[in-house]
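**Student:** pasting a predicted model and its sequence here:
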Amino acid sequence: MANVTKVALIQIKMDTRPKNNLEKAIKKIQQAKLKGAQIICLPELFLTQYFCQEENHSNFSLAEKIPGPTIDVLSKTAVENKVILIVPLFEKKLSGIYYNSCVVINDNGKIIGHYRKMHIPDDPQYYEKFYFTPGDLGFKNIETKFGNIGTLICWDQWFPEAARITTLKGAEIIFYPTAIGWHLREKKKFGKSQLNAWLTIQRSHAIANGVYVVAVNRVGNEGKKNKKIQFWGNSVVFDPSGNIIAQGHNEKEEIIICKIDLNKVEKVRQHWPFLRDRRIDFYKELLKNSHNE
């Protein structure tokens, strides 16, 4: 396994047509490969604009099986470019059961990881509980020739338990495909603090677990005229000490290439032995919703 790897964060604006988004993703993957990328991550639900802004039954037609047509195409892309791909999709398991999912494809075109988003939000214009069943595959570590990776998705990134368990499974890099942004009507008042909170929680996961954290967001304005979300980009990589080692713009489409030295994971965990000093014998309280139970 390599000690140094290059990751690519594909930060793009989504079209209303899935075909165009897939073609753009393939082009960006090819460009990332030319820049030396070995592991390439796309944003959450990259095939479409963020349809969860409304509860609309017709949007269920956007879901597809895994494996299915998109995975078939991107498996070929992975082989042609000899890269690991992290592909987030709207998954149809069967009629009535849909997931917000993420697939890892290796450079032989084989699916080596399948994750279903565990934490499902329900906020204004983020009506994901209408569409997605909570994940049933648990938290995972996926071994690749370029390092051990975990895949979580967007809302998962606010939960320390998800990052901790993924780390304990063996992950050295945690990827968070993401679709997050500002309600334009709130941006002036809350925008700065919301973005800072998002960056801070991911930095904390990196430090507390001694892992690299890679968040890949989309950009652009999406939604109806009076209820648009401005997706804030800022795709970012934190090292195990919490330093930002790569970050994207808040509006531009970008391919962000970042070199990751996996030796730093071992070194940081030796100096900051948070995993060693856990008191799991006293953590049963975490299984309760409150201390009043």
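**Tutor:** Yep, it's here.
**Student:** hey, which strand is longest across this protein?
**Tutor:** Looking across the chain with DSSP state E, the single longest strand is strand 84-94.
**Student:** list the helices and strands it packs on?
**Tutor:** Counting contacts by 3 or more CB pairs under 8 Å, 6 or more residues apart in numbering; DSSP states H and E, strand 84-94 packs against strand 39-41, helix 69-81, strand 97-105, strand 147-151, strand 173-177. Yep, even glycine has a C-beta here, placed from its N, CA and C like the rest.
**Student:** export those to TSV and append columns for mean neighbour count, distance to Leu22 and mean pLDDT.
**Tutor:** Output for these, formatted as TSV (neighbours: other CB atoms under 10 Å; distance: least, CB to CB, whole Å; pLDDT from 0 to 100):
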stretch	mean neighbour count	distance to Leu22	mean pLDDT
strand 39-41	28	14	98
helix 69-81	17	6	98
strand 97-105	23	14	98
strand 147-151	25	20	97
strand 173-177	29	15	98
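**Student:** low-scoring stretches of the stretch 1-150 of the chain, by residue?
**Tutor:** For the stretch 1-150 of the chain, the stretches with pLDDT under 70 are 1-2.
**Student:** okay, now Asn106: neighbour count?
**Tutor:** 21 (other CB atoms under 10 Å).
**Student:** contacting residues for it?
**Tutor:** By CB atoms under 8 Å, 6 or more residues apart in numbering, the contact set of Asn106 is 78, 84, 112, 144-145.
**Student:** go again using 6 Å as the cut-off
**Tutor:** Under the criterion of CB atoms under 6 Å, 6 or more residues apart in numbering, the neighbours of Asn106 are 84, 112.
**Student:** coming back round to it: so which of the helices and strands packed on strand 84-94 is nearest Gln53?
**Tutor:** For the helices and strands packed on strand 84-94, the distance to Gln53 is smallest for strand 97-105, at 14.4 Å, taking CB to CB.
**Student:** immediately after that closest one, which helix or strand?
**Tutor:** Sequence order places strand 111-116 as the next helix or strand after strand 97-105, per DSSP states H and E.
**Student:** for that next one, packing partners?
**Tutor:** In terms of contacts (3 or more CB pairs under 6 Å, 6 or more residues apart in numbering; DSSP states H and E), strand 111-116 is packed against strand 97-105.
**Student:** just list what the strand it packs on packs against, helices and strands only.
**Tutor:** Using 3+ CB pairs under 6 Å, 6+ apart, strand 97-105 sits against strand 84-94, strand 111-116.
**Student:** I'm done for today, thanks for sticking with me.
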